[in-house]
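>>> Okay, sequence plus prediction incoming.
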Amino acid sequence: MIELRDVCKYYQVGDDKVRALDHANLHIYPKEFVSIIGPSGSGKSTLMNIIGCLDTADAGIYLLDGMPIEAYSERELARVRNRKIGFVFQNFNLIAKLSAEENVELPLIYQKVRRSERQRRVREALDQVGLLKRAKHLPTELSGGQQQRVAIARALVTRPSLILADEPTGNLDSKTSKEIMGMFHELHQQGNTIVLITHDDDIARQAPRSMHILDGQVTEVNLS
Amino acid sequence: MRSLIMALRSIGANKMRSALTMLGIIIGVMALVVLVSLVRGATGSITGAVSGLGSSVVSVNIYSTEKKPITLEDTEAWAASDPALRYIAPYSSDTLAVRRGENFGSATVYGVTGSYRMAQNVKLASGRFISAPDVKNHSFVCVINQTMAENLVGYTDCVGKRVQINGAEYTIIGVLEPEEESLTALFTAGQMSAFIPYTSLIRLSSTVSSRISSLYVSPSEGYTLEMIDEKMNDLLLDWFQEDEDAFRVSSQNLLEDAMGKITSVLSILLGGIAAISLIVGGIGIMNIMMVTVTERTREIGIRKAIGANRGTILIQFLMEAVVLCMMGCGLGIFFSWGILRLVSTVVASTGLVFTMDASVVIVAVVFCFLIGIIFGLSPANKAAKMKPIDALHYGG
């Protein structure tokens, strides 16, 4: 499903070369729910950018669904993001002037899905996160938890191979955090592959499998 | 279609700014459409005025008077046989001595027939013009201009008085209007001139004979200048046995041609100035689009993260610039229409009519579209080039 072999990523900060990822190895199988935990500055975001095809590695091999990613052009990366990956961000990242259903519809528009099909799938996704009644609302008219659920619906609507969640509960109170985590469990049970990136042990512990990242290297941990 | 709706929404999201941005284009389009339409409208009436100066006439010069001379009788015969040539006006002129009592001088004396009045649009202040019987009878009658009346008689209301032309007594039967409004006045100002029957001039002048060397033909009702031009050509080619050098037929449209040139240069000049203001408007659009792109960096990042590629983003922002331009263009054309209506109403008394020319509108629309593309391209490209991670993390 996802395989990283000796992936490296460097950043030039002034005269120093910072190794954000240093020969990181990672293997995630289909239908797994994996949490990746690490303190800030550990290379967490870089790992997420590379897994999410928002950035490419400087060295090493990244296989997504058995296909190597590093040789892809920008256009092909956009296509991979569109079809294979569903993003859920810490700060929701909804487009403010589009309504909930339009935000969910957007990835399907980029896939050039027919209008009737789009509408059907948008309703389905919103129904799954329990926000069908709020379809016409703008993000600013929704609570944080509701916004995150819209974001999850947007990630789901393309039926991606992988749902990539970056601190999805970081901006939410504990009650809504629980709700959102419940939703991820539900999605996992429905057969989705989920990678959850967090700095919070309690959140990470909820996943059946956890990985730890420190100084650009990934190790398997047992939190439970 | 989808990107059009998106563009309209983001323009609508920032109405005040969009309106101010469009203002540049609106003013540019108005400048273009109004100025060019005003020039076109004015051209119509100026050309009309120029035509009124006696230029809508075919003039014929005969160079070969030896071979087969044309006489007054011949021209009368042509006029009688062809209704198109009814207003054929043979003329000749000479500079002759004129005198009345103590006053004397030299005047340009034209030998004419009744049709000359029509051909040269002669306007009389009083009396009558030379008529057919005067020509037939070699009458000693003359029509004089204001200068001659003032110089010889001393006053202009002098119909019935007598003057001497080359020693012969002539009765004044008409006085011309003051010439200040005629174009020929520029060349003949302050000169004395008189019209007498053609037949009389033959007797007075040593250089003028019964062989006609120049004539005017003004089109009679239902004939155009071109038709007369052609008819005279055919007739004279026939007359001189296909000798093209024996004569020259020309339509005196020179003035109109010159006016046409002047006004088209004026159109291009004003159009050019308007185009510059349109380009300035375009730069305004580029400026605002740059700001918009920076403001919406995050949105661009989100769109890219969920699968928009370069082309999609490029088209989205390009569309916004073009739609902004075209809306400005539409409003500009609408306002121009209003202004032209207003101007037409205000100056209605002068008979000037300003209408919006379809070609100007088309030029304005095409130009605005191009400006939208050209000035939208660089901001749109800036947006399209953004890296999704940089854009996502922008400002937080």
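Nice, I can see it.

>>> Next, the buried residues of the helix or strand hosting B:I339.
Using DSSP states H and E, B:I339 sits within helix B:310-346. Using 16 or more other C-beta atoms under 10 Å in any protein chain shown as the test for burial, helix B:310-346 gives B:310, B:312-333, B:335-337, B:339-340, B:343. Backbone N, C-alpha and C define where each C-beta goes, glycine included.

>>> give me the subset of the residues you listed touching chain A.
Counting by C-beta under 8 Å from any C-beta of the partner chain, B:R310, B:T312 from the buried residues of helix B:310-346 sit close to chain A.

>>> sorry, back to before: list the helices and strands whatever helix or strand comes next after the helix holding B:I339 packs on?
Downstream of helix B:310-346, the next assigned helix or strand under DSSP H and E is helix B:358-385. Packing contacts for helix B:358-385, counted by 3 or more C-beta pairs under 8 Å, 6 or more residues apart in numbering or on different chains; DSSP states H and E, involve helix B:15-52, helix B:254-295, helix B:310-346.

>>> Any idea which of those helices gets closest to B:I196?
For these, the distance to B:I196 is smallest for helix B:15-52, at 25.9 Å, taking C-beta to C-beta.

>>> tell me the angle that closest one makes with helix B:358-385.
Angle between the axes of helix B:15-52 and helix B:358-385 is 150 degrees (criterion: axes from the mean of the first three to the mean of the last three C-alpha atoms, to 10 degrees).

>>> quick one: average confidence on helix B:15-52?
Helix B:15-52 carries an average pLDDT of 83.

>>> the longest helix in chain A is where?
Determined from DSSP state H, the single longest helix within chain A is helix A:174-189.

>>> how many other residues sit next to residue 11?
No chain specified, so I'll use chain A. Counted with other C-beta atoms under 10 Å in any protein chain shown, residues neighbouring A:Y11 total 12.

>>> switch to chain B, that's the one I care about
The number of residues packed around B:I11, counting by other C-beta under 10 Å, is 20.

>>> residue contacts, it?
Residues near B:I11 by C-beta atoms under 8 Å, 6 or more residues apart in numbering or on different chains: B:S18, B:E320, B:V323, B:L324, B:M327.

>>> Contact partners for the last one?
Applying C-beta under 8 Å, 6+ apart, we find B:M327 in contact with B:I11, B:S18, B:M22.

>>> Convert the C-alpha atoms of the helix or strand hosting the first one to PDB, please.
Using DSSP H and E, the secondary-structure element containing B:I11 is helix B:2-12. In PDB, the C-alpha atoms belonging to helix B:2-12 read as follows (Å, rounded to 0.1, in the frame of the first residue of the first chain):
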ATOM      1  CA  ARG B   2     -18.000  26.200 -14.200                       C
ATOM      2  CA  SER B   3     -15.000  28.500 -14.100                       C
ATOM      3  CA  LEU B   4     -17.200  31.400 -15.300                       C
ATOM      4  CA  ILE B   5     -19.500  30.900 -12.300                       C
ATOM      5  CA  MET B   6     -16.600  30.700 -10.000                       C
ATOM      6  CA  ALA B   7     -15.100  33.900 -11.500                       C
ATOM      7  CA  LEU B   8     -18.400  35.700 -11.100                       C
ATOM      8  CA  ARG B   9     -18.600  34.700  -7.500                       C
ATOM      9  CA  SER B  10     -15.200  35.800  -6.600                       C
ATOM     10  CA  ILE B  11     -15.800  39.100  -8.300                       C
ATOM     11  CA  GLY B  12     -19.100  39.500  -6.500                       C
END
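
>>> Next, the buried residues of that helix.
By 16+ other C-beta under 10 Å, the buried positions in helix B:2-12 come out as B:S3, B:M6, B:A7, B:S10, B:I11.

>>> Which pLDDT value belongs to the third one?
Per-residue confidence (pLDDT) for B:A7: 85.

>>> State the distance from it to B:T292.
11 Å (C-beta to C-beta, to the nearest Å).

>>> okay, and the common contacts of these two?
With C-beta under 8 Å, 6+ apart as the test, B:A7 and B:T292 both reach B:E320.

>>> mind listing the helices for chain A?
A:44-51, A:74-84, A:100-110, A:115-128, A:144-156, A:174-189, A:201-205.

>>> Make a markdown table out of the contacts of B:I11 and add distance to B:S115.
Output for the contacts of B:I11, formatted as a markdown table (distance: C-beta to C-beta, whole Å):
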| residue | distance to B:S115 |
| --- | --- |
| B:S18 | 67 |
| B:E320 | 69 |
| B:V323 | 64 |
| B:L324 | 64 |
| B:M327 | 60 |
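
>>> about what we covered before: the helix holding B:I339 vs helix B:254-295, what angle?
Relative orientation of helix B:310-346 and helix B:254-295, computed by the same axes, to 10 degrees: 140 degrees.

>>> ok, B:L314 - contacts?
By C-beta under 8 Å, 6+ apart, the contact set of B:L314 is B:A380, B:N381, B:A383, B:A384.

>>> for B:D74, same thing?
B:D74 is in contact with B:I212, counting by C-beta under 8 Å, 6+ apart.

>>> Domains in chain B, by residue range?
B:2-50+B:257-392, B:58-252 (automatic domain parsing).

>>> want to throw the ones you listed into TSV with distance to A:R83?
Shown next, in TSV, are the domains of chain B (distance: least, C-beta to C-beta, whole Å):
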stretch	distance to A:R83
domain B:2-50+B:257-392	7
domain B:58-252	72
